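Q: Turn this into a structure:
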Amino acid sequence: MDGHHRVEQEGQVDPLRLTGELEGVGIAVESPGPFGHGRGDAGRVVVISSHILHEIDVLTSNIIMLSHGRLLAEGDIHEVRQLLRDHPHQIYIECPDPRALSSQLIELESVQNIHFDRERRGLLLETYTPDLLYQELAQIVVEEKVDIEVMTSPDDNVQAVFQYLTGGRTEEEI
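A: Next up is the predicted model:
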């Protein structure tokens, strides 16, 4: 039984048939994004099949990720990322003095690694406990009056989750 039928039987998505072939990778999304609010009064779901993963991030966070007919992941992409405990979470920060901030962060047990981005005055932090690190970082920012210019999580998206689940391969390589 392929992943699509399994999802239909579990009732996670309204029963429907995808027409056409999925070329290697497919992402189906239940869209609460720009197309509406997910299941409406009529019980309908918008399903989008795409191998252009960065566009899916813009449309929704609820996904069904398939590769070669196999179900890789289903649910909110951020919750799926939380489940991938073998891969440390990444937090990217830009600030006026990344070395000073890193001297504070290196003392925290929640920080596994720190990588410097010298061109953009940034730090890439790796952690297995992102919630704890965000709390500790907030405390440092307030106490030390650190000016954070940019803070993102570069691996909390569909592309990164797909690469983690497929051993680092991109959708083009599948």
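Q: Assign residue 143 to helix, strand or coil.
A: For residue 143, the assignment made with DSSP: H, G, I helix; E, B strand; the rest coil gives helix.
Q: Give me the distance between it and residue 104.
A: Using Cβ to Cβ, to the nearest Å, we find residue 143 at a distance of 9 Å from residue 104. All C-beta spots, glycine's among them, are computed from the backbone N, C-alpha and C.
Q: Settle it for me: which of these two has more neighbours?
A: Neighbour count, other Cβ atoms under 10 Å: between residue 143 and residue 104, residue 104 has more, with 17 against 9.
Q: What values do phi and psi take at the more buried one?
A: In terms of degrees, to the nearest 10, the main-chain angles of residue 104 are phi -80, psi -40.
Q: Likewise for residue 117?
A: Taking degrees, to the nearest 10, you get phi -110, psi 90 for the backbone angles of residue 117.
Q: Test my guess that it contacts residue 123.
A: Yes - when contacts are counted by Cβ atoms under 8 Å, residue 117 is listed as touching residue 123 (7.0 Å).
Q: overlap in contacts of these two?
A: Shared between the contact lists of residue 117 and residue 123 (criterion: Cβ atoms under 8 Å, 6 or more residues apart in numbering) are residues 92, 94, 98.
Q: what about residue 151, which SS state?
A: strand.
Q: right, and it touches residue 122 too?
A: No - the criterion here is Cβ under 8 Å, and residue 151 misses it with residue 122 at 9.8 Å.
Q: Check the contact lists of those two and give me the overlap.
A: Shared contacts of residue 151 and residue 122 (Cβ under 8 Å, 6+ apart): 92-94.
Q: Can you tell me which of these are buried?
A: Buried by 16 or more other Cβ atoms under 10 Å: 92-94, out of the shared contacts of residue 151 and residue 122.
Q: now, which of those sits nearest residue 156?
A: Among those, residue 92 lies closest to residue 156 (Cβ to Cβ), at 10.7 Å.
Q: tell me what the helix or strand hosting the closest one is packed against?
A: Using DSSP states H and E, residue 92 sits within strand 89-94. Counting contacts by 3 or more Cβ pairs under 8 Å, 6 or more residues apart in numbering; DSSP states H and E, strand 89-94 is packed against strand 122-127, helix 130-144, strand 150-152.
Q: where does the chain have low pLDDT?
A: 1-45, 169-174 (pLDDT under 70).
Q: Helices along that one, start to end?
A: 3-9, 53-59, 77-83, 98-105, 130-144, 158-165 (DSSP state H).
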